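Chemist: from the sequence below, what's the structure:
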Amino acid sequence: MENGLVSVDRWSDGSQIYFLTHLHSDHTKGLSSQWSKGPLFCSRLTAKLFSLKFPDFNLSLLRVLEIGLWHSISLISPSSGSRKTIKVMAIDAHHCPGAVMLLFRGDFGSLLYTGDFRWEMSSERASKGRIALLNALEENTVDILYLDNTYCNPYYAFPSRQIAAQQIVDIVASHPEHDIIIGIDSLGKEDLLLHISRMLKIKIWVWPERLQTMHLLGFNERFTTKTNLTRVRAVPRYSFSIDTLEGLNQMRPTIGIMPSGLPWVVRPGKGDDILSGSLLTTLYRRSKLNENAGVLIEEQIGKAETVKRLHKYIFSVPYSDHACFSEIQEFIKLVRPTNIKGIVSSSSCYVEPLYYFGRLCGAKQPENNVHHKKRRTRKGEKGAVDINFVYSEKRRGKGTNVGILNVSVRGGRVSALRRVQRGARLAGSDCPD
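Modeler: Numbers count the residues shown, from 1 in each chain. Next up, the predicted model:
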C-alpha cells in the first residue's frame with residue numbers, strides 16, 4: 001500500500017484516511033477531542049461509545065464500518081495523482097466492545113491487521129469470526145499479517161474466558177461474608193461482570209463513568225453506583241492495590257480479584273510486599289514459598305492457567321482478552337500469511353512472531369533474533385512507538401509489491417504496565433489484559 005494513504009491506530013499527520021480498531025488508550029494515543037486530520041473509520045459500536053472518551057470530538061469525521069461487509073474507498077495516489085480504490089472489511093475481534101480486525105485489499109495485495117483480539121477455539125462468536133474471515137479471503141493470500149503478539153510465548157496458556165469467569169464466581173461464592181473488589185478498565189470485561197451478576201443473582205457496583213458505558217451497551221439492570229445494594233464492586237485498575245485492600249479490611253472483610261492474563265508475583269522487600277508482573281526473564285526461575293504472605297508461586301512454567309493467591313487479600317485469575325500462545329498458533333494456521341509483523345513491542349523482551357511461526361507461513365525465520373528490542377525505554381515508561389512499516393516483498397505468484405501501511409506499534413505491557421511500586425498500583429491504562 002502506497003505511503004500517505006492509510007493509517008491504523010496511528011494519529012499523526014500524513015494519511016488520507018484513518019482507522020481505529022477499538023477504544024483502548026494504547027490504540028488512541030495521539031487521538032483527542034480536537035483531532036481533525038481526516039475521516040476516521042471504526043465499527044458502529046465504537047462510534048456509539050466515542051463521545052464518552054472524546055466528549056468534544058467532531059463526530060462528522062466518523063465513518064462506520066459494518067462488520068462483515070466490504071467497503072470500497074476511493075483515494076488519490078500521492079505519487080501519481082491517479083485515483084485508486086482500496087477495499088476494507090471489519091471483522092469481530094472479540095476483544096472488547098466494538099473491537100475489530102481490519103482486512104485490506106487492493107492492487108498492493110492483502111493485509112490483515114488484527115488489532116487486539118482473542119478467538120478461543122471453544123467460542124461460538126469466534127467461530128463466526130473465523131468463517132467470516134475465510135469467506136472474505138476467498139482463497140487469496142494474506143501478504144502481511146499485523147498480529148496481536150501480546151502473549152506470543154509458549155509460557156502463556158490460559159483457559160477460555162468462560163472457564164476463568166466461573167473461577168471468579170467460585171471465589172466470590174466461597175467468601176460469602178466478604179466484600180469483593182475486581183480490578184477492571186474503562187472498557188472491557190463486561191461479559192465477565194455479567195456472568196458474575198447472573199450466576200450469583202446480584203448487582204455489581206461500578207463508578208459513575210463506567211455506568212454510562214454500561215448503559216450505552218444496554219446493560220442497565222445489572223449495575224449500580226449504590227454501594228449498599230451489593231457486596232461486589234468493579235473498580236478502576238489503578239485503584240486496585242495492596243494498600244487499598246489492607247485499608248478496606250480495617251473496616252470489614254474484603255478480598256480483591258485481578259482478572260489478568262499476565263502472571264503476578266509477590267516479591268518480599270525490606271519490610272514491604274511488592275506486587276508486580278513478572279518479566280519473561282523471571283518466569284523460568286524456580287519459585288519459592290513466601291511464608292509471610294502465604295503465597296505459593298508455581299514451580300513449573302506453563303502454569304498460567306491456575307488461580308493464584310498472591311496475598312492474603314488478593315487472587316489473580318487468568319481471564320484475558322488477548323489470545324494466548326496456542327490460540328495465536330491456531331489463528332496463523334487459519335490465515336497462512338506470507339509474512340507476520342507483531343504490533344506489540346516490549347522494551348524488555350520482545351519475541352519476534354516469525355521465530356515461532358515462520359514455518360507456518362513459509363517466511364524465513366530470524367536468526368539469533370528471538371528477543372529483538374524495538375527501542376529502549378526508561379523503566380515504567382509506556383507509549384506507542386509510531387513507525388512506518390516499509391516492505392517491498394513479492395506476492396506469491398503475482399509479482400506485485402507490498403507497500404506501506406502506517407500502523408502503531410505499541411510498547412510492551414509487561415514492563416510498562418506492571419511497575420514495581422508499593423502496593424502494586426497499576427498504570428492507568430485501558431487494556432493491559
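
Chemist: can you list contacts of the host helix or strand of L52?
Modeler: Using DSSP states H and E, L52 sits in helix 44-53. Applying Cβ atoms under 8 Å, 6 or more residues apart in numbering, the contact partners of helix 44-53 are 20, 22-23, 28, 42, 57, 59, 62, 64-67, 97-100, 186-187, 209, 212-213, 216-217. The C-beta positions use only the backbone N, C-alpha and C, and glycine is treated the same way.

Chemist: got a list of what the residue nearest the centre of the chain touches?
Modeler: By Cα atoms, centre = their mean, the chain has its centre lying nearest to D116, at 4.4 Å. With contact set as Cβ under 8 Å, 6+ apart, D116 has these partners: 21-22, 24, 27, 93, 95-96, 99, 148, 150, 321-322, 431.

Chemist: just send these back as TSV, with distance to C361, pLDDT and neighbour count too.
Modeler: Below are those laid out as TSV (distance: Cβ to Cβ, whole Å; pLDDT from 0 to 100; neighbours: other Cβ atoms under 10 Å):
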residue	distance to C361	pLDDT	neighbour count
T21	22	98	29
H22	25	98	27
H24	27	96	26
H27	25	96	24
A93	20	98	26
H95	23	97	26
C96	27	97	24
A99	24	98	29
D148	16	95	25
T150	19	92	29
D321	25	97	25
H322	20	96	24
C431	27	52	26
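
Chemist: quick one on the thing from earlier: inside helices: which ones of the contacts of helix 44-53?
Modeler: Of the contacts of helix 44-53, the ones assigned to helices by DSSP state H are E209, Q212, T213, L216.

Chemist: who wins on neighbours among those residues?
Modeler: T213 (20 neighbours; other Cβ atoms under 10 Å).

Chemist: roughly how far does that one sit from F223?
Modeler: Using Cβ to Cβ, to the nearest Å, we find T213 at a distance of 10 Å from F223.

Chemist: cool, and G358?
Modeler: Distance, G358 to F223, using Cβ to Cβ: 45 Å.

Chemist: name the residues of the helix holding L52 that are buried.
Modeler: For helix 44-53, burial by neighbour count (16 or more other Cβ atoms under 10 Å) applies to L45, T46, A47, K48, L49, F50, K53.

Chemist: so what's G30 closest to, chain neighbours aside?
Modeler: Nearest non-adjacent residue to G30, counting by Cβ to Cβ, 6 or more residues apart in numbering: W11, 3.6 Å away.

Chemist: strands of the stretch 201-350 of the chain, residue ranges please.
Modeler: 204-205, 223-224, 232-236, 254-259, 264-269, 272-277, 289-290, 295-296, 308-311, 314-317, 339-342, 344-345 (DSSP state E, counting those that start in this stretch).
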